[in-house]
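Enquirer: Sequence first, predicted coordinates after that:
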Amino acid sequence: MENKNIKLQPVISEKSYELANALNKYTFLVTGGINKIEIKQLVEKEYKVKVLKVNTVVRPGKLYRDHKTNKKFRKGDSTKAVVTLKKGDKIDEFLNI
């Protein structure tokens, strides 16, 4: 893993809590440009759990328009990662936020 500034932020929503409690899947927002292997290594290192699977979804940035010049711009994309943990492993900090 290179010297990348990787940010791992838990997603707090009703759906993410339901996934965490029922299916042992935890949702994180990560910075763009990293792959599933790096996400897996980062979660295992930071939370000391065993990751079985990582699913990622690229969320496109919001489209906005400059009203003076009528040009359209798009904010940066973000990546949402859904991490499946081994049965019996939990991330307590995720549920206490």
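Expert: The structure has been received and is ready for your questions. Numbering: from 1, shown residues only.

Enquirer: ok, which stretches of this structure are strands?
Expert: Ranges of strands in the chain, per DSSP state E, are 8-10, 25-30, 51-59, 63-65, 72-74, 78-85.

Enquirer: Tell me which of these sits nearest to Ile37.
Expert: Smallest distance to Ile37 across the strands of the chain (C-beta to C-beta): 8.2 Å, for strand 51-59. For the C-beta atoms, the positions are set from N, CA and C on the backbone; glycine is no exception.

Enquirer: neighbours around Leu6, how many?
Expert: Heads up, residue 6 is Ile, not Leu. 16 (other C-beta atoms under 10 Å).

Enquirer: Was I right to think it contacts Gly33?
Expert: No. Here Ile6 lies out of contact with Gly33, judged by C-beta atoms under 8 Å, at a distance of 9.0 Å.

Enquirer: what distance separates the start and the end of stretch 25-41?
Expert: End-to-end span of stretch 25-41 (C-alpha to C-alpha, to the nearest Å): 16 Å.
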